[in-house]
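Novice: quick one, fold the following:
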Amino acid sequence: MRLSFLALLSVGLFSAGCGGRDSSDSSMNRSDLGTGLNTVAKKYAKPAPDVWDAAVGAVKSFDFKVDSDRHDKMGGELVAHRASGDKVEVTVRSIDKENTDVSIRVEPGNRNMANLLHEKIAEKVGMGTSKAGVFGDTSVDGTYVADLRRCATLAETVCKNANLSVTGRELRDSSAVVNAREGNSNPVRIQLDRSGDSLTKVTFSAGDASGSDPKALTSRLKAEFDREISSSGR
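Specialist: All right, here's what the predicted structure looks like:
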């Protein structure tokens, strides 16, 4: 009888121990929202307050609605969502007075959008981004006898004709950028640079997310741009 009681006690302790581990693992998973393979982290050689302002601006530029905003001069955490249900979590952390870390996670596991947000942050703090980070080496370009503003307008039209969502357009004195994305959030960029008084160089670039063919897409965009600029006359 004593042996049976001890056996039952051992089973109960083992079960309780297993239950404790499950609870701990579950808690750990719930607290892991801002980490993991789909979090994209980058370092910016700018003070935390500047990077924070850029991060907020980047999130809003992609039509995310801010749910919570907790920050101070050392950084902070921002949570927002889109109408589609995608949720973004941005963590800004000061390394020192001149350098800042930023980690971005867009649920459910949307690394392309996280990269787009980083790209926008870099633009807003005046650092820019390298095409290799988002677009790889997939690009095609052409030079056209047309002014910069006209080419930028045509670039946006071409994106819409290709059923891409235009996410931003910036026009400067000597350059312009039209950013867009495919339905799977694969990023697309059309970079325009003034070349002389009446020439504009246009570079078409696309990411290589699963389900996308960046080489075919950039070639199609350029061909469509060629048709548009020819049909509209010089």
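
Novice: surely Phe64 and Arg82 touch.
Specialist: Yes. Counting by Cβ atoms under 8 Å, Phe64 touches Arg82, with 5.3 Å between them. In short, each C-beta sits where N, CA and C put it, glycine included.

Novice: give me the common contacts of these two.
Specialist: Common neighbours of Phe64 and Arg82 are listed as Val88 (criterion: Cβ atoms under 8 Å, 6 or more residues apart in numbering).

Novice: pLDDT weak spots in the chain?
Specialist: The model of the chain has pLDDT under 70 over residues 1-37, 126-137, 232-234.

Novice: which helix or which strand is home to Val177?
Specialist: For Val177, the element it lies in under DSSP states H and E is strand 175-181.

Novice: show me what counts as buried in that strand.
Specialist: Along strand 175-181, these residues count as buried under the neighbour rule (16 or more other Cβ atoms under 10 Å): 176-181.

Novice: give me the distance between Gly85 and Ala216.
Specialist: Counting by Cβ to Cβ, to the nearest Å, the separation of Gly85 from Ala216 is 29 Å.

Novice: cool, and Ala122?
Specialist: Ala122 sits 28 Å away from Ala216, taking Cβ to Cβ as the criterion.

Novice: settle it for me: which of the two has more neighbours?
Specialist: The neighbour comparison of Ala122 against Ala216 (other Cβ atoms under 10 Å) goes to Ala122, with 21 against 11.

Novice: and stretch 178-191, how far out from the chain's middle?
Specialist: Average the C-alpha atoms of stretch 178-191, do the same for its chain, and the two points are 10 Å apart (Cα atoms, centre = their mean, to the nearest Å).

Novice: break the protein down into its domains, please.
Specialist: Structural domains of the chain, as assigned by automatic domain parsing, span the residue ranges 40-128, 133-231.

Novice: that older thread, Phe64 and Arg82 - which one has more neighbours?
Specialist: For Phe64 against Arg82, the residue with the higher neighbour count under other Cβ under 10 Å is Phe64, and the figures read 23 against 15.

Novice: show me what stretch 225-234 is in contact with.
Specialist: Everything outside stretch 225-234 that qualifies as a contact, by Cβ under 8 Å, 6+ apart, is 142, 144-146, 151, 154-155, 157-158, 202, 204.

Novice: also stretch 145-159?
Specialist: For stretch 145-159, using Cβ under 8 Å, 6+ apart, the contacting residues are 144, 166, 169, 171, 174-176, 178, 180, 188, 190, 192, 194, 198-200, 202, 221, 224-225, 228-229, 232, 234.

Novice: export it as CSV, just CAs?
Specialist: In CSV, the C-alpha atoms belonging to stretch 145-159 read as follows (Å, rounded to 0.1, in the frame of the first residue of the first chain):
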residue,chain,number,x,y,z
VAL,A,145,14.7,62.7,-73.5
ALA,A,146,12.2,64.0,-70.9
ASP,A,147,12.3,66.2,-67.8
LEU,A,148,12.4,64.7,-64.3
ARG,A,149,8.9,65.6,-63.2
ARG,A,150,7.3,64.1,-66.3
CYS,A,151,9.2,60.9,-65.9
ALA,A,152,8.2,60.6,-62.2
THR,A,153,4.6,61.0,-63.2
LEU,A,154,4.9,58.3,-65.8
ALA,A,155,6.7,56.0,-63.4
GLU,A,156,3.8,56.2,-61.0
THR,A,157,1.4,55.5,-63.9
VAL,A,158,3.4,52.5,-65.0
CYS,A,159,3.3,51.0,-61.4
